[in-house]
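Asker: model this:
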Amino acid sequence: MRKILSALILLALFAGIASAEPLKVGALSKLNMTEEEYSDFIATGHKAGAWGFFSSKPAPESIAFKFYDSLQALQLGLNAGEIDEMLLPEAVAEYVMDVTGRYKVSSIARTLPAYLAFGFRLDDAGKALAEKFNEAILAMKEDGTLSVLQGRFIDGAGIGDPESIEFRKFENVNKKIVIAVTGDLPPIDYVAADGTAAGFNTAVIAEIGRRLNVNIELTYIMSGARAATVTSGRADAVFWIQGYRDVKKHSDIPEMLVLSEPYYEWNEFLFLAR
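Answerer: Okay, here's the model as predicted:
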């Protein structure tokens, strides 16, 4: 990150020299806002001081977002010229740049702390499962397990496919929890070409399953189908749902889901251009 910061000339903020047209920016689909609402959400957050934009060029007057249901589709959209740039969490953007070798940082957005959590159905069974996950996540925070996993799979991740994780099988346990994953936030959320889940979230899920003494089954979905997969009963939980600290209306938290305790946070997004 320091290399990126030093390479950028940190000029002023979002209200810089206006461009004639809004900057077209791609992002992974949000579950609680339209593209237009998300554009307003970002602009409002900037005006309120929640977003700080730093760029090596004059900032655009406005941003128009276009949603994509997968990271692959998002990159294809940028490569095809459908969008000017794409917005990704810092760790994901750095991974994409390392692996592809074809993008550069255009701007940095510093935000209120953003976090990831599991999402569950907003019913008694979903709330009960969320409480069990919360107990495991809080224990993992307290005993340092989450910090170790973050250091191993995110902060210390090298170039290439994230490390695969083997789930423990409990032979005499009938209980099974189905968790939907997308693979759209590598190295946080990753699914290899052969369909094997790997990386940070897989390690977290495996550890939660071990602590709860339950078998875990993963189902792979598109990013835009996260909420529907859980509410329809296809999965008991979904990774990931993204939220922000101290924000009244969230872009990615639908009302029909209840969330677990957050277990990964950051406060910088990167705009990537070709």
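
Asker: tally of neighbours for the nearest residue to Ile137 once chain neighbours are set aside?
Answerer: Once flanking residues are discounted, Ile137 sits nearest to Glu261: 4.6 Å by Cβ to Cβ, 6 or more residues apart in numbering. Where you see a C-beta, it was placed from the backbone N, CA and C, and this is true even at glycine. Look at Glu261: counted by other Cβ atoms under 10 Å, it has 17 neighbours.

Asker: Offset the numbering so it begins at 13, please.
Answerer: Right, with 13 as the first residue, what we last looked at is Glu273.

Asker: Can you classify Glu273 by secondary structure?
Answerer: Look at Glu273: counting by DSSP: H, G, I helix; E, B strand; the rest coil, its state is coil.

Asker: distance of Gly138 from Val104?
Answerer: According to Cβ to Cβ, to the nearest Å, Gly138 and Val104 sit 27 Å apart.

Asker: Neighbour count: the two, which is higher?
Answerer: More crowded of Gly138 and Val104, by other Cβ under 10 Å: Val104, with 24 against 19.

Asker: and that one, what pLDDT?
Answerer: At Val104, the model reports a pLDDT of 95.

Asker: Need the three-state assignment for it.
Answerer: helix.

Asker: OK, contacts around it?
Answerer: Applying Cβ atoms under 8 Å, 6 or more residues apart in numbering to Val104 gives the contacts 83, 197-200.

Asker: For Gly93, see how far away it is.
Answerer: 22 Å.

Asker: Just the C-alphas of stretch 180-200, formatted as CSV.
Answerer: The C-alpha coordinates for stretch 180-200 follow below in CSV (Å, rounded to 0.1, in the frame of the first residue of the first chain):
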residue,chain,number,x,y,z
ARG,A,180,-12.9,-31.4,8.9
LYS,A,181,-15.5,-34.2,8.6
PHE,A,182,-17.4,-35.2,11.7
GLU,A,183,-18.4,-38.8,11.1
ASN,A,184,-21.0,-39.1,13.8
VAL,A,185,-22.6,-35.7,13.3
ASN,A,186,-25.8,-35.3,11.3
LYS,A,187,-25.9,-31.6,11.4
LYS,A,188,-24.7,-29.8,8.2
ILE,A,189,-24.5,-26.1,7.5
VAL,A,190,-24.6,-25.0,3.8
ILE,A,191,-22.7,-21.8,3.2
ALA,A,192,-22.9,-19.9,-0.1
VAL,A,193,-19.6,-18.3,-1.3
THR,A,194,-18.9,-16.3,-4.5
GLY,A,195,-15.1,-16.3,-5.0
ASP,A,196,-15.4,-12.6,-5.9
LEU,A,197,-13.1,-11.1,-3.3
PRO,A,198,-9.8,-12.9,-3.6
PRO,A,199,-7.7,-13.5,-1.5
ILE,A,200,-10.5,-13.0,1.0
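
Asker: model confidence over it, on average?
Answerer: For stretch 180-200, the per-residue pLDDT averages 90.

Asker: Just the buried positions in it, please.
Answerer: Residues of stretch 180-200 classed as buried: 182, 189-200 (neighbour count, 16 or more other Cβ atoms under 10 Å).

Asker: For the chain, which helix extends over the most residues?
Answerer: helix 136-154 (DSSP state H).

Asker: Who are the packing partners of it?
Answerer: strand 116-133, helix 157-162, helix 212-224, strand 269-271 (3 or more Cβ pairs under 8 Å, 6 or more residues apart in numbering; DSSP states H and E).

Asker: Contacts for that helix, please.
Answerer: 130, 132, 157-159, 189, 216, 219-220, 223-224, 242, 248-249, 269-273, 275.

Asker: In the stretch 63-212 of the chain, where is pLDDT below threshold?
Answerer: By pLDDT under 70, the weakly predicted segments of the stretch 63-212 of the chain are 65-72, 169-171.
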